[in-house]
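Engineer: Pasting a predicted model and its sequence here:
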Amino acid sequence: MTRTDPLLTVLKLATAAEEQAALQLKSAQFEKQKRQGQLDALNNYRLDYMKQMEGHTGTTLRANQYHQFHQFIRQVDSAITQQVAAVKDAEKQVGYRQVHWQEKQQKRKAVEMLLAQKAKKAMVVETKREQKMSDEFAMQQYYRQKSIKS
């Protein structure tokens, strides 16, 4: 009955951990893109609103309308500031997830390297064993031939 190498179990676990880290990285990248898209939309909305107000240049605006315009722009600017912070936070998360994934990848590669070294050593041992058996067989044949001639 052959026993399975414990390193194969470790490799399986390391591979699963790497895949999980890759999924988390992908999710963080998606979240960053989403937040960046929201920031771009806010900036475009502000720009469009400013262009609309430029269209009213030369027309008389009541003080109330002018006040509402500036108050609305301040609210949009505040939302943009919050969204910039959200994008920066998402970028940090992507960085953390990238490092985490790379660590898991390195662990998996280390286990694969150990398995490869173990297989190479086993191959050397097997080759030596086969060579020893071959040498013994050749030696026995030599003695048999020698004893037959004598």
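Structural biologist: Perfect, I can see it now.
Engineer: Low-confidence stretches in this structure?
Structural biologist: Per-residue confidence of the chain (counting by pLDDT under 70) places the weak regions at 1-2, 56-61, 150.
Engineer: sec struct for residue 3, please.
Structural biologist: coil (DSSP: H, G, I helix; E, B strand; the rest coil).
Engineer: Report the distance from whichever strand or helix holds residue 147 to the chain centre.
Structural biologist: Residue 147 belongs to helix 63-149 when elements are defined using DSSP states H and E. Centre-to-centre, helix 63-149 and its host chain are 9 Å apart (C-alpha atoms, centre = their mean, to the nearest Å).
Engineer: what's the angle between the helix or strand hosting residue 16 and helix 63-149?
Structural biologist: Using DSSP H and E, residue 16 maps to helix 6-55. Helix 6-55 runs at 160 degrees relative to helix 63-149, counting by axes from the mean of the first three to the mean of the last three C-alpha atoms, to 10 degrees.
Engineer: Return the list of helices and strands in contact with helix 6-55.
Structural biologist: Judged by 3 or more C-beta pairs under 8 Å, 6 or more residues apart in numbering; DSSP states H and E, helix 6-55 is in contact with helix 63-149. To be clear about C-beta, it is placed using only N, CA and C from the backbone, and glycine gets the same treatment.
Engineer: The helix it packs on packs against which elements?
Structural biologist: By 3+ C-beta pairs under 8 Å, 6+ apart, helix 63-149 packs against helix 6-55.
Engineer: what's the offset of the helix it packs on from the middle of its chain?
Structural biologist: 13 Å.
Engineer: Next: stretch 4-13.
Structural biologist: That offset, for stretch 4-13, works out to 22 Å (C-alpha atoms, centre = their mean).
Engineer: Alpha carbons of that stretch, as PDB, please.
Structural biologist: These are the backbone C-alpha positions of stretch 4-13, laid out as PDB (Å, rounded to 0.1, in the frame of the first residue of the first chain):
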ATOM      1  CA  THR A   4       0.700   9.600  -0.200                       C
ATOM      2  CA  ASP A   5       3.400  12.200   0.400                       C
ATOM      3  CA  PRO A   6       2.300  14.800   3.000                       C
ATOM      4  CA  LEU A   7       3.900  17.400   0.800                       C
ATOM      5  CA  LEU A   8       1.200  16.700  -1.800                       C
ATOM      6  CA  THR A   9      -1.400  17.700   0.800                       C
ATOM      7  CA  VAL A  10       0.600  20.800   1.600                       C
ATOM      8  CA  LEU A  11       0.800  21.600  -2.100                       C
ATOM      9  CA  LYS A  12      -2.900  21.100  -2.500                       C
ATOM     10  CA  LEU A  13      -3.600  23.500   0.500                       C
END
